[in-house]
Every structure is written in C-alpha cells, then in structure tokens.
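>>> Give me the fold of what follows.
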Amino acid sequence: MRDVFFCLGRLFALAWRLDRRRLGIGAGLLLLGAVATPLVGLCASGLVEGLAASHRDDAVGWAAAGAAALGAELMLGHFAFLYYFEVAELVEERFNRDLLHLVNGGPYLDRTDDPAHADRVDLLRQDVMRMRETTQLGLQLGATAVQTVCTGAVLATVSPWLLALVAAAAVPVAVGRRAEAGLQKVVEQQAPTTRGIRHLRRLATSPASQKEIRLCGGGDHLLDRQRALLDRYHGALARADLRHALLRGLGQLTFALGYVAAVLWTFELVRQGRTGVGDIVLTIVLATQLSTQMATGVQLLGTVHRAAAGLRRFTAYRAEQDDHGASVPDAPLPADARGGLRLEGVRFRYPDARTDVLCGIDLDLPSGSSVALVGENGAGKSTLIKVLTGLYRPTGGRVRSGGADLARVSPEAWRERTAALYQDFARVELSLRHSVGIGRLADVADAAAVGRAVDRAGARALAESVGLDGILGLGYADGRDLSGGQWQTVGFARALMRPDPLLLVLDEPASALDALAEQRLTDAYQATAKEVAATVGGVTLFVTHRMSTVRLADRIVVLDAGRVAEHGTHEELIAAGGAYARLWALQARAYAD
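This is a model prediction of the structure:
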C-alpha cells in the first residue's frame, strides 16, 4: 500500500498544481456519486417499509429520494469525467515534457546512445503513457473506497454479522486474480508460438517475400506450419481458459453462498421482529453492490500499484539525470580557444562497458588544417567525432582547443563553435528556411543568413525549385519529397549556418550521392574547408571510406581498434606501406577492375 499512496500522492499533488478547480470539482462529483449508491438501497428499504405500513406519503417521499439518488449515481460520474479527464491529460502532458527534457536535456549523449539506456527510456515512455489513466483510476479508487465503507456501514445497521459479506466478497476477487495470473502465465509461455504465427503471416502476405514464395511453391508449406502453431496455441489456451473458468466459478460460488446466508439471516431478523421488512430489500441491494465494489476496488488497486512501479522508475531516472548533470562544467569558451585541436591520451568507455572504445589517443590537429579520418567499421571513428564535438565526455585524457581544456568549458559553449554533417543526418520536414535555419537558432528566421548557407552548400538550384518557404517531406499535403542527395545537401547547408566553427565535421559526406553529385558536393566541401581555415583557423574533419575524398585532406589519420595506427600526408602514408596503403591499393584495384 505504501507504493499506492506514493503514486497517488505524487499524481494528485501534480494535478492540484496544474488545475485545482477541475480536480476539485471532478473529485467532489465522484464522491457524491459514490455516496449515492448506498443511499439507493436505503431509499428502497424506506419505500418497502412505507408500503408495508400503508404510509403512502412516506412511500412517495422515499420513492422520490430513491429516484434522485439513482439519478445521482448514474449521472454524477459522467459529469465528473468531464472535469477530471482534462486534468489527467495535463498530468500526462507534464510527464511527457519532463521525460523529453530528461532524455534530451543532458549535456552528453554517451548514456543516450547506450542500448540499455534506450531500453530503459522506452520502458519509461510506456510508464508515462499510463499516468493519465492512473490519475483517473486513482480518483475512481478513492470514490470506490468511500462507497465500500458507506455500504458496509449501512449493512452493519441491519446486523453487524452482515459485515462478514466483505470477507465473502473478497474471496472471488482473490481467486479471480489467481486465475487471471495463471491465464497470463500461459499466454506469456506461448509468446514464442504467437511470434512465430505473426512471422508466418507477415511472410505469407508481404509483397517483398511473395515473389520467392510463389517461385519456390512454398505457400502450402507455410500454411501448414502456421496451422500447426495455431493448434498448439489454441490447445494450451483452451486448457488455461478451463482452469480460469473453474477457479472464477469457485470464487463466485463462495460469495453466492455468503449472499444467500445474509439474506436468510435478514429474514430471520424480520421474523424475530428485530428489524423491518425493508431491511431485506436493503440487504439484497447492498450485498450485490458490495461484491461489485470489492472487485472494482481490487482491480483499480492493482492498476495503480503497477503504475507506482513506473513512477518510481521515473523518479529514480530523474535523480540520476540530475546527478549526471550536476558535474557539468559551465565556464565559457576562452577567447584564445583557437590554434587547432590537441588530444592528449583520450580514452572513452561507454557506461557499463568492460573495455574502452578509444584507447589513449594522442593527436595534434593543426589550426586551419583539413583532416581525413579513416579506418574499418568499429575502429572508433564515430565515437571520436562525438568526443571532439562535445557530445561525449572523455573518460580519460584531455581535448584542448588552443590553450583551453574543453573539460572545463561548458559543452554548449563549445558546440556553438562546432558544426557537423553526420552520415545519419536528420531529415527535418519543415520549410526549407527552417530546415536549414535551425542549424543556428539565432538566425532561424533570417532569410539572408539562410540564403548564404544555401549558397555555400551549393543548394541554390534546390532553393529556387522549392522556395525558401516550400515544405520538405511527404508528411504534409503540400510537401515535396527530396532525393537522398538533396536531403544531404540540405543537411550540409544546415551545418554551414554557423559561419565561424572552430571544428567542422563531415561524416561520410558523399555516401548518398552519385558520381556527379559527389564531385559537386566535394568541391563545396573543399571551398568550405578553405573558408573555415582562412577566417577562423578552424579544423575540418572528414570521415570517409572513399579515398577520392581522403586525398583532399592535408592530413590523414588511420584508426584501428580505438588507436591511431598511423597519420601523415597521403604521400607519406603510401610510402610507409601500412594500413592506409593497403586500403588505397584495395580501392584502386576495385576501380581498375
């Protein structure tokens, strides 16, 4: 119960802060509707007593009161919903905003890129989706608790022994939960079977796979396998359903016996003259209600209890993120933070990983230079880029920009002086002006600044075709879809919104282009690198597998298993006959063949 009180306390406190008027009205109407339920039984009892004693006026009065109580029971819950469902939506929206802030508001991405962290965030996203429902169900749980207490109190006025009905009503609830747990266990055990059924259905109906299935004549085989899995699933579920029905029937039989005993006991009290005939009606009505209230209350309690586990996960995640961000440096970038980049023993290890991805890298990237970073997949190129752009914090060593140690500089301050076009660049489906302009939010609405970035990226023809206010992407009725190369050009223009980067990163810049488009974009890269070098002495870093792009760089760095295997000019590395020379020869032979 501690978790339930924790969950409801947090949710209702938040709802009170967000909209106390709606919360108060909604909760008040729910409570009035809950109290009206036992009043219906009392009015029915009074009506019968009035009729039995031939007191017509009393009977009419009780009938009118019963009608009013019944109307309140049926309608107040609906009116309450009109108020509290809006509060519940506000609660869910606040949790969604908080989760987005926690996931995206951190200064570094090392945790965000961790698959285990991604799984955790996905679970939290599901937890947040339950907050609206839990807020509503929590209010209903409170109303049901009040309703059950009132019902028990009214029954106790007839005879204290009738409170035993509470225990009798609890039996089918407990047995039903056990039966449901058994059924769910069988469903979970059959998860591989249902997964196989879904796979076979997709395989048999997917246009992508039907060609091969038709050619090899495998349709009947797939249907037979699917039928066998369905038979296995239905057989297991039929046995589980039978056990489920027997257990629930046993629980309901227990309550039915208690119900009959309560009614017979009330008849005996009437026979002895210890109570009136109306109490028989009262017992019949309220005993039935009590069973429903107990079942509803336990069901709501279980739902809130599960939500409490999700809320504790969210609270723990918030605390971890707060601790994670508490040690973030906040110093501005010094004015003399120029003069290239220097890496001194840089190491990086992902959270909970056992080995380093970067293993003590020492590297000097001179001011105004263009550097090509090459290496096989998994060599650590992408990780090194994220360290250099301030998205990852090194777990060892230092990165310096000029004389400034970036470990002491605010990550936001450093990122304001970096620009990057990643291989998995974002396809921002907004207007061209905004898709490019968000590369520097201060100039997002500045048509001149956007136009300059578009020109520098060689995207003027695209801009004239679409228009700066033209919508990109098929997510809009009037949107225009672009080719992969055009999207990449838009991403390049977005990176060039920052006119004075100390570091410009181009990650696999020609991966989505044909030969002609690659050459045009390569020319734009060269011009940009020279401009960055001439204006601010910035470093341009290419990450590529294409040796035609590598040769454009002043300096080439070869990574292998998180270490610098070799570095130098193209001519120096060819003469050395090492890993770079082998890569060059391999690609040259492929083009020659």
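
>>> Confirm residue 540 sits in a helix?
No: secondary structure of residue 540 (DSSP: H, G, I helix; E, B strand; the rest coil): strand, not part of a helix.

>>> Compute the distance between it and residue 341, please.
11 Å (Cβ to Cβ, to the nearest Å). Using the backbone N, CA and C atoms, a C-beta is placed for each residue, glycine as well.

>>> So the two - more neighbours on which side?
Higher neighbour count among residue 540 and residue 341: residue 540, with 27 against 23, using other Cβ atoms under 10 Å.

>>> wait, isn't the more buried one in contact with residue 532?
Yes: at 5.7 Å, residue 540 counts as touching residue 532 under the criterion of Cβ atoms under 8 Å.

>>> shared neighbours, those two?
residue 504 (Cβ atoms under 8 Å, 6 or more residues apart in numbering).

>>> which stretches of this protein form strands?
Secondary structure of the chain by DSSP state E: the strands cover 341-348, 358-365, 370-374, 396-401, 404-405, 418-421, 503-507, 539-543, 555-560, 563-568.

>>> Quick check: which of these is nearest to residue 93?
Taking Cβ to Cβ, strand 418-421 is the member of the strands of the chain nearest to residue 93, at 32.2 Å.

>>> can I get the CA coordinates of the closest one in PDB?
Extracted in PDB, the C-alpha atoms of strand 418-421 (Å, rounded to 0.1, in the frame of the first residue of the first chain):
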ATOM      1  CA  THR A 418      31.300  23.400 -34.000                       C
ATOM      2  CA  ALA A 419      29.300  22.300 -37.000                       C
ATOM      3  CA  ALA A 420      28.700  18.800 -38.300                       C
ATOM      4  CA  LEU A 421      27.000  16.900 -41.100                       C
END
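
>>> Please parse this protein into its domains.
Domain assignment for the chain, taken from automatic domain parsing, gives 2-159+275-323, 175-257, 333-417+501-593, 426-499.

>>> Compute the first-to-last residue distance for the second one.
Between the start and the finish of domain 175-257 there is a gap of 15 Å, counting by Cα to Cα, to the nearest Å.

>>> Now residue 428. Nearest residue, chain neighbours left out?
Spatial nearest neighbour of residue 428, excluding adjacent residues (Cβ to Cβ, 6 or more residues apart in numbering): residue 435 at 4.2 Å.

>>> and the one you found, how many residues sit next to it?
What residue 435 shows, counting by other Cβ under 10 Å, is a neighbour count of 27.

>>> going forward can the numbers begin at 37, since that is how I track them
Shifting the count to begin at 37 puts that one at residue 471.

>>> looking at it, it is touching residue 526, isn't it?
Yes: using Cβ under 8 Å, residue 471 makes contact with residue 526 at a distance of 5.7 Å.

>>> Report the separation between the closest residue in space to residue 485 that isn't next to it in sequence and residue 487.
Of all residues not flanking residue 485 in the chain, residue 479 sits nearest, at 3.9 Å (Cβ to Cβ, 6+ apart). Distance of residue 479 to residue 487, given as Cβ to Cβ: 11 Å.

>>> And for residue 453?
Taking Cβ to Cβ, one finds residue 453 at 22 Å from residue 487.

>>> Then residue 250?
53 Å.

>>> May I see the domains of the chain organised as a markdown table, with mean pLDDT added?
What follows is the domains of the chain, written out as a markdown table (pLDDT from 0 to 100):
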| stretch | mean pLDDT |
| --- | --- |
| domain 38-195+311-359 | 85 |
| domain 211-293 | 81 |
| domain 369-453+537-629 | 81 |
| domain 462-535 | 83 |
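
>>> Same list, the ones you listed, but as CSV with distance to residue 201 please.
Shown next, in CSV, are the domains of the chain (distance: least, Cβ to Cβ, whole Å):
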stretch, distance to residue 201
domain 38-195+311-359, 6
domain 211-293, 8
domain 369-453+537-629, 54
domain 462-535, 58
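
>>> circling back to that earlier point, residue contacts, the residue nearest to residue 485?
Applying Cβ under 8 Å, 6+ apart, the residues near residue 479 are 473, 485-486, 533.

>>> For the residue nearest to the spatial centre of the chain, which non-adjacent residue is closest in space?
Nearest to the mean C-alpha position of the chain, by Cα atoms, centre = their mean, lies residue 161 at 3.0 Å. Spatially, and ignoring its direct neighbours in sequence, residue 161 is nearest to residue 135 (6.7 Å; Cβ to Cβ, 6+ apart).

>>> swap in residue 587?
residue 606 (5.4 Å).

>>> show me the contacts for that neighbour.
586-587, 589, 592.

>>> Out of those residues, name the ones that lie in helices.
residue 586 (DSSP state H).

>>> how about the contacts of residue 606 in TSV, adding distance to residue 292 and neighbour count?
As requested, the contacts of residue 606 are exported to TSV (distance: Cβ to Cβ, whole Å; neighbours: other Cβ atoms under 10 Å):
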residue	distance to residue 292	neighbour count
586	82	22
587	87	13
589	84	22
592	84	24
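
>>> Of all pairs in the contacts of residue 606, which one is the farthest apart?
Farthest-apart pair in the contacts of residue 606 is 587 and 592; separation 8.6 Å (Cβ to Cβ).

>>> Can you name every helix or strand that the lengthiest helix in the chain contacts?
Looking across the chain with DSSP H, the single longest helix is helix 255-307. Judged by 3 or more Cβ pairs under 8 Å, 6 or more residues apart in numbering; DSSP states H and E, the packing partners of helix 255-307 are helix 200-225, helix 227-241, helix 314-362.
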